[in-house]
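A.B. asks: Turn this into a structure:
(one chain, ligands or ions: 1)
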Amino acid sequence: MNAYVTALPKAELHVHLLGAASRTTVAALAARHPGRGVPSDPAALARYYEFAGFDHFAEVYTAVNRLVTTPQDVVTLVDGLAADLSAGNVRYAEVTVTPLSHLKAGIGERELAEALDTGRQAARGHGVDIAWIFDISGDDGPAAGEATVRWILRHGPPDTVALGLGGPEHGVPRRLFQPHFATARAAGLRSVPHAGETTGPAEVWSALTDLRADRIGHGIGAATSPALLDRLAGDGVALEVCPTSNLRTGVVPTLSAHPLPLLVAAGVPVALGSDDPGMFGTTLVQEYLICQQEFALDPAELARAAVRAAFCPPATRRRLLVQIDAVARAFKPDAHPPTAPR
Ligand SMILES: O=c1[nH]cnc2c1ncn2[C@@H]1O[C@H](CO)[C@@H](O)[C@H]1O
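C.D. replies: All right, here's what the predicted structure looks like:
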């Protein structure tokens, strides 16, 4: 099954550039900035990445972000992510970057855009097409929304596809960012806020109605509302679901309690994502394997669903779907023995 899942050409639609940094990369950055609280030893880093909950995760994320201080660091992150994606045969990725966090850490506005574009070209060398989602860190408030959109409009590299909204949801209602998403949409960008990761249906509704979401980051809080599930399924709004992330930040108690099978059964389009693979110790391949083992979800169907939800050019979508079909046929998964009952 591992060989089959790896061989499937995949689209990754929910991955944060910083959270994807490998432990080796983060350990090297930490060694360059001693005294910032991030361990420079990979084993200690693994312990540092044990999260007590979402807020603790956000604190660690911010501390690691402060280590990224030069344009070259940004290029290193993109190149490293592309190498990791390529190893799992991810051929198209929409990568989330939080521009204001990098500007705060001392990188210039134009330098950031140039570094991302340099990294994107290096990714082509790994056979990975990257598109960008720039997100607002919600806890920085509406001023951050305005500054993020301003940076995108002035400096956003080509292949910017969407505006995102990340960070904590409690105390940060999605509707606060209505004007910023409206401006981004008017400029031709899609809307992909996080909502319903740590909260329930209300924020997912708000993402749909106030922010006109085209897809939703996580969105698992929708699972308790049949009316909302109907709406998502009816309008074809995909949820970017990241099971290991949800487990590691404690928003689900166990994988078997994850609402993913319920979402799929309700007809909601789902794109599997790895979220912060370096921090959560996962990969997109691993997420596919978990879904196959825990929920008996067909890997080829999952791969197709992510490609359908991607903001890629139609030719890329067609090519990936044809390649997925070819791999699914070659591996004849039906010939595999059925998964043992648990
Ligand atoms: O799973 C996640 N949920 C919400 N935010 C996240 C996640 N992973 C990374 N970030 C990042 O955390 C930053 C500050 O809190 C945000 O900018 C967001 O990009």
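A.B. asks: what comes up buried for the helix or strand harbouring Ala184?
C.D. replies: Element membership of Ala184 [criterion: DSSP states H and E] is helix 178-186. Of the residues in helix 178-186, those buried under the neighbour-count criterion (16 or more other CB atoms under 10 Å) are 178, 180-181, 183-185. C-beta: built from backbone N, CA, C; applies to glycine.
A.B. asks: mind putting the residues you listed in JSON lines, pLDDT and distance to Leu29 included?
C.D. replies: Written out in JSON lines, the entries for those read as follows (pLDDT from 0 to 100; distance: CB to CB, whole Å):
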{"residue": "Gln178", "pLDDT": "98", "distance to Leu29": "36"}
{"residue": "His180", "pLDDT": "98", "distance to Leu29": "30"}
{"residue": "Phe181", "pLDDT": "99", "distance to Leu29": "32"}
{"residue": "Thr183", "pLDDT": "98", "distance to Leu29": "33"}
{"residue": "Ala184", "pLDDT": "98", "distance to Leu29": "30"}
{"residue": "Arg185", "pLDDT": "98", "distance to Leu29": "35"}
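A.B. asks: Could you export these as a markdown table, including distance to the ligand?
C.D. replies: Rendered in a markdown table, the data for the buried residues of helix 178-186 read as follows (distance: CB to the nearest ligand atom, whole Å):
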| residue | distance to the ligand |
| --- | --- |
| Gln178 | 19 |
| His180 | 14 |
| Phe181 | 16 |
| Thr183 | 19 |
| Ala184 | 16 |
| Arg185 | 20 |
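A.B. asks: Point me to the residue of this protein nearest the ligand.
C.D. replies: Using CB to the nearest ligand atom, the closest approach of the chain to the ligand is made by Gly166 at 2.8 Å.
A.B. asks: Determine the three-state secondary structure at the closest residue to that residue other than its chain neighbours.
C.D. replies: Setting aside the residues directly before and after it, Gly166 is nearest to Asp135 in space (CB to CB, 6 or more residues apart in numbering), at 4.6 Å. Secondary structure assignment for Asp135 (DSSP: H, G, I helix; E, B strand; the rest coil): strand.
A.B. asks: Pretty sure Thr160 is one of the things Asp135 touches, is it not?
C.D. replies: No. Checked against CB atoms under 8 Å, the pair Asp135 and Thr160 is beyond contact range at 11.6 Å.
A.B. asks: and these two? which has more neighbours close in?
C.D. replies: When neighbours are counted by other CB atoms under 10 Å, Asp135 and Thr160 differ, and Asp135 comes out ahead with 25 against 22.
A.B. asks: if I pick the more buried one, what's in contact with it?
C.D. replies: 96-98, 148, 163-166, 194 (CB atoms under 8 Å, 6 or more residues apart in numbering).
A.B. asks: thinking again about what came up before, and the residue nearest to Gly166, what's its pLDDT?
C.D. replies: On pLDDT, Asp135 comes in at 98.
A.B. asks: Quickly list what it is bridged to.
C.D. replies: Asp135 has the following beta-bridge partners by DSSP bridges: Gly164.
A.B. asks: Please determine how far it is located from Leu17.
C.D. replies: In this structure, Asp135 and Leu17 are separated by 10 Å, where distance is defined by CB to CB, to the nearest Å.
A.B. asks: now swap in Gly145 and tell me
C.D. replies: Going from Gly145 to Leu17 by CB to CB gives 19 Å.
A.B. asks: One more: Met279?
C.D. replies: 12 Å.
A.B. asks: cool, and Gly88?
C.D. replies: If you go by CB to CB, the gap between Gly88 and Leu17 works out to 16 Å.
A.B. asks: Between those two, tell me which one has more neighbours.
C.D. replies: Neighbours were tallied for Gly88 and for Leu17 using other CB under 10 Å; the higher tally belongs to Leu17 (23 against 20).
A.B. asks: Pull the number of nearby residues for Arg150.
C.D. replies: 14.
A.B. asks: correction: Arg154
C.D. replies: Each residue near Arg154 was counted by other CB under 10 Å, and the total is 10.
A.B. asks: All further residue positions should be reported with the first residue as 238.
C.D. replies: All set: I'll call the first residue 238, so the last point we hit is now Arg391.
A.B. asks: Would you confirm that it contacts Phe371?
C.D. replies: No. With contact taken as CB under 8 Å, Arg391 and Phe371 are classed as non-touching, separated by 11.9 Å.
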